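Colleague: With the sequence up front, the predicted model follows.
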Amino acid sequence: MDLTYTPQERAFRAEVRAWMEANVPAAPLPSFDASRAGFEAHRAWERTLNAGRWGMVTWPQAYGGRGLDLVRWLIFEEEYWRAGAPLRVNQNGIFLLGPTLMEFGTEAQKARFLPAMASGAEIWAQAWSEPQAGSDLAAVRAAARRDGADYVLSGHKIWSSRAVFADWAFGLFRSDPASERHRGLSLILFPLDAPGVRVQPIAQIDGETGFAEILLEDVRVPAFNRLGGDGEGWRICMATAGFERGLMLRSPARYQVAAARLVALYRANRETCGPETRAAVLQAVMDADAYALSIYATASRLDAGGAIGAEASTNKIFWSEMDIALHRTALSILGARAELVRDAPAAGADAGWLDGYFFSLAGPIYAGSNEIQKNIIAERMLGLPR
Amino acid sequence: MDFRFTEQQEMMAETVRALLADLCQPADLRRLMRAGAPRDTARWAAIVEMGLAGALVPEDSGGLGLAPVDFVLIAQACGHAALPEPLVENAGVALPLLAAVADDARAAPVLARALAGEITVALKHPANPFVADADTAGALLVLDDDRLHLVAPEAAAPLRQQSADPFRRLFSLGRPPAPDTALTAGRGLRAAADAAFERGALFAAAQLLGIAQRAVDLAVGYAGERTQFGRPIGANQAVKHLLSTAQVKIAFARPVVHAAAARLDPSDVVSRARVSHAKLAAADAADLACRTAVQVHGAMGYSWEVDVHFFLKRALALAGWWGDAHVHRARVAERVFGHPLGAEHTFADAAAMAGTGAAGSGRP
């Protein structure tokens, strides 16, 4: 065990830091969920990142990456969050579909989709859930009917993040109409501007439209767009969900930076805080640190050839609960000012905590509800009966 | 950067785990309890045989010269087994302290006997109100007022203070050590005493981690066997979620304990805070895991017959041993409010952070 960075790792950090200092926009970009302009500003940032080959440092060079290990990815993320760089508008693509394509896609599919994903030319939404298939994802009904060299898609997808402005979606469809449950499903990629696709924004708890319904009516896509074999959709989706919960979606730096901001907020309001708030602030810093240490331990193991299993589920529970606790602490420090939204003249920068709090409430729900994750831990890690 | 134990570290811990799996099952604990003996002599002989007494004593003092990170998995295994005998306190805490003052002619022969496994050494540290295992110890180190005394246990008039944990042997000392028993320790004493505290807290955390996992393991075993409503109770989500929640706590205490072991430096505020974080997180995990195990066992969990209470009581004892939550939270606060924060400092030490020039800003 050696918990020090090598000279090469330190040099890499310095390189990332220098690039971020030179390139991160001075002013925060407008939200990618609130307007087309905000979305396009984030797309432009993805283009800038990609031009510097910083889009996904773990990807192979051929697809715009640097082929680096996960420890370097963590260092990159630390510098990314330290610099206050924009959120990744293409996270569904680069963190979820990208790794899935690399594992299950054909060479032709990788060549078609990965470079455009890396550059931000194509921004992705996830189209898995349906009104009657949430935690019970195997209940999907949306159909992919084979017709010659094409699939014809129809059905109703929902809770698709970024779908309002995104270009493409990857969806789970029933390609064998006679099948039930986990069998007969296929993962199919489709453009959101294809004839027959209608995207209906859904207003969120915070008033923004970060997710949407996708209504598909006889949407024709070539069979080339199927990722993996016909009927293999479930297995592939579970691998994607592992990436989602495991490491990529929530790198620890995000919470360490948030915890540092919480400490600053506490300092600025110390006189009006009690000892319970102080303890909660310390707990937030410790939890963010514990999450980082855990992810470093996992990264070391994966870099040495190990695999991630049900611990992806422990990660997801931990970061989502930590995020809520952290934001609740911030709101308790703000006291009666906590309810002010950004537009309130007296709000100032502190209103970001309320936005963050609302968003944190989604954490235990998306990427597989925490109740489902607890089932996975109980059954696959602890070996309790189904 | 490599957050993995070496094969050698894993193997050494595995040897201890295997030995304890053979000799320290709950049935063995109960036999010891019935006998009313202070320790299981056969088990202790087997532990001594492993030659771990000098694990953390420098090689030039006759020890193995290992580092805390080499011992942390062993301490975890001791917690997992609820080992009654003082392997952790003797080898992990007291003997390295004794070795640090072994220049004194009175200390050297005691250290030699302890390294040979003939005696154990008990330690009265200001962090703890009592001495553990003073009655079975061959020598007693008493730390007070910046002096370290080496006395015969009976000279200190030890008085048993019964613990809820039937295997903890706690004593208050009826007589202060005579002035002429103070060792000539020199300027290094403060550092050696501080280091003993760090090791004590770290290895208590490691034991708590082992206890927590054992509690979950016991409850998982029971939940898979106990049938109600025609199926194992562990098939119910209400039971699954209790145990998963405890397992998540363990999962995020473990890397903190291991990171603290990997860089133990009593002079560094970041290292001290990590040890304290480890102790807090492991104590929390053990508390939740043990209470969960009682609950999952139902009425059996509240009985003397089921073994869960051994672990619950050890967890309760160790939570306050080598610094309680209040002490350790204050040490975390010293780091959080006094030094720069941010992801780039996860593995930094205070000296490295001083170079960033942002001390006290609290902003990355």
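Modeller: Looks like it arrived, so ask away.

Colleague: so who does whichever residue of the stretch 101-250 of chain A sits closest to chain B touch?
Modeller: Closest to chain B within the stretch 101-250 of chain A is residue A:135: 11.7 Å, counting by Cβ to the nearest Cβ. Backbone N, C-alpha and C define where each C-beta goes, glycine included. By Cβ atoms under 8 Å, 6 or more residues apart in numbering or on different chains, the contact set of residue A:135 is A:368, A:369, A:371, A:372.

Colleague: If we use 10 Å, what do you get?
Modeller: A:129, A:365, A:368, A:369, A:371, A:372, A:375 (Cβ atoms under 10 Å, 6 or more residues apart in numbering or on different chains).

Colleague: What does the pLDDT read for it?
Modeller: What the model reports as pLDDT for residue A:135 is 91.

Colleague: repeat for residue A:241
Modeller: pLDDT, residue A:241: 76.

Colleague: Spatially nearest residue to it, not counting backbone neighbours?
Modeller: Of all residues not flanking residue A:241 in the chain, residue A:368 sits nearest, at 6.0 Å (Cβ to Cβ, 6 or more residues apart in numbering or on different chains).

Colleague: again, but for residue B:271
Modeller: Nearest one to residue B:271, counting by Cβ to Cβ, 6+ apart, is residue B:265 at 4.2 Å.

Colleague: sec struct for the one you found, please.
Modeller: coil (DSSP: H, G, I helix; E, B strand; the rest coil).

Colleague: any chance you could read off phi and psi for it?
Modeller: When read as degrees, to the nearest 10, the backbone of residue B:265 gives phi -140, psi 100.

Colleague: which residues does it contact?
Modeller: Each residue near residue B:265 by Cβ under 10 Å, 6+ apart is listed here: B:195, B:198, B:271, B:272, B:274, B:275, B:349, B:350, B:351.

Colleague: Number of residues surrounding the residue in the stretch 1-150 of chain A positioned nearest to chain B?
Modeller: Using Cβ to the nearest Cβ, the single residue of the stretch 1-150 of chain A nearest to chain B is residue A:78, 3.8 Å away. With neighbours defined by other Cβ atoms under 10 Å in any protein chain shown, the count for residue A:78 comes to 26.

Colleague: That one: which element?
Modeller: helix A:70-82 (DSSP states H and E).

Colleague: centre of the chain versus the helix or strand just after that helix, how much separation?
Modeller: Sequence order places helix A:91 as the next helix or strand after helix A:70-82, per DSSP H and E. Offset of helix A:91 from its chain centre (Cα atoms, centre = their mean, to the nearest Å): 5 Å.

Colleague: Packing partners of the helix holding residue A:78?
Modeller: helix A:7-23, helix A:253-268, helix A:275-303 (3 or more Cβ pairs under 10 Å, 6 or more residues apart in numbering or on different chains; DSSP states H and E).

Colleague: Kindly provide the whole-number mean pLDDT of stretch B:332-342.
Modeller: 96.

Colleague: which of the residues in that stretch are buried?
Modeller: B:332, B:333, B:335, B:336, B:337, B:339, B:340, B:341, B:342 (16 or more other Cβ atoms under 10 Å in any protein chain shown).

Colleague: Can you pick out the most distant pair from the residues you listed?
Modeller: For the buried residues of stretch B:332-342, the maximum inter-member distance is 17.1 Å, found between B:333 and B:342 (Cβ to Cβ).

Colleague: Centre of chain A to the edge, which residue is at the far end?
Modeller: residue A:271 (37.4 Å; Cα atoms, centre = their mean).

Colleague: quick one on the thing from earlier: distance check, the residue nearest to residue B:271 against residue B:198.
Modeller: 8 Å (Cβ to Cβ, to the nearest Å).

Colleague: Need the residues touching each of those two.
Modeller: B:271, B:272, B:274, B:275.

Colleague: Report the contact partners of the closest residue to residue A:105 other than its chain neighbours.
Modeller: Excluding the flanking residues, the one nearest residue A:105 by Cβ to Cβ, 6+ apart is residue A:227, at 5.9 Å. By Cβ under 10 Å, 6+ apart, the contact list for residue A:227 reads A:97, A:100-101, A:103-106, A:109, A:113, A:170, A:186-189, A:233, A:236-237, A:240.

Colleague: Counting neighbours, which of those end up buried?
Modeller: Judged by 16+ other Cβ under 10 Å, buried ones among the contacts of residue A:227: A:97, A:100-101, A:104-105, A:109, A:113, A:170, A:186-189, A:233, A:236-237, A:240.

Colleague: Now do the helices in chain B.
Modeller: Counting by DSSP state H, chain B has helices at residues B:7-23, B:26-35, B:41-49, B:68-81, B:87, B:95-100, B:107-115, B:188-225, B:237-251, B:254-262, B:269-296, B:308-320, B:325-338, B:350-354.

Colleague: can those go into a markdown table with extra columns for distance to residue A:145?
Modeller: Output for these, formatted as a markdown table (distance: least, Cβ to Cβ, whole Å):
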| stretch | distance to residue A:145 |
| --- | --- |
| helix B:7-23 | 54 |
| helix B:26-35 | 61 |
| helix B:41-49 | 69 |
| helix B:68-81 | 56 |
| helix B:87 | 68 |
| helix B:95-100 | 72 |
| helix B:107-115 | 78 |
| helix B:188-225 | 44 |
| helix B:237-251 | 37 |
| helix B:254-262 | 49 |
| helix B:269-296 | 49 |
| helix B:308-320 | 57 |
| helix B:325-338 | 59 |
| helix B:350-354 | 61 |
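
Colleague: Assess the claim that residue A:188 and residue A:157 are in contact.
Modeller: No: counting by Cβ atoms under 10 Å, residue A:157 is not a contact partner of residue A:188; they are 11.4 Å apart.

Colleague: what domains does the record give for the chain?
Modeller: Answering for chain A, as no chain was given. What automatic domain parsing lists as the domains of chain A is A:7-89, A:124-232, A:250-381.

Colleague: Not quite, go with chain B.
Modeller: B:7-184, B:189-354.

Colleague: Check these for me and report the most buried one.
Modeller: domain B:189-354 (a mean of 22; mean count of other Cβ atoms under 10 Å in any protein chain shown).

Colleague: chain center to stretch A:270-282, what's the gap?
Modeller: 31 Å.

Colleague: Next, work out how far apart the residue of chain B positioned farthest from its centre and chain A are.
Modeller: The C-alpha centroid of chain B is most remote from residue B:230, which lies 41.9 Å away (Cα atoms, centre = their mean). In this view, residue B:230 and chain A are 12 Å apart by Cβ to the nearest Cβ, to the nearest Å.

Colleague: Residue B:21 too?
Modeller: Residue B:21 is 18 Å from chain A, by Cβ to the nearest Cβ.

Colleague: cool, and residue B:122?
Modeller: Distance from residue B:122 to chain A, by Cβ to the nearest Cβ: 30 Å.

Colleague: For the nearest residue to that residue once chain neighbours are set aside, give me its contacts.
Modeller: Take residue B:122 and drop its neighbours on the chain: the residue closest to it by Cβ to Cβ, 6+ apart is residue B:137, 3.7 Å away. The contact partners of residue B:137, by Cβ under 10 Å, 6+ apart, come to B:86, B:89-90, B:94, B:114, B:119-123, B:131, B:152-153, B:158, B:169, B:171.

Colleague: same thing but 8 Å
Modeller: Contacts of residue B:137 by Cβ under 8 Å, 6+ apart are B:119, B:120, B:121, B:122, B:153.

Colleague: just residue A:47 next, same as before
Modeller: A:119, A:120, A:121.
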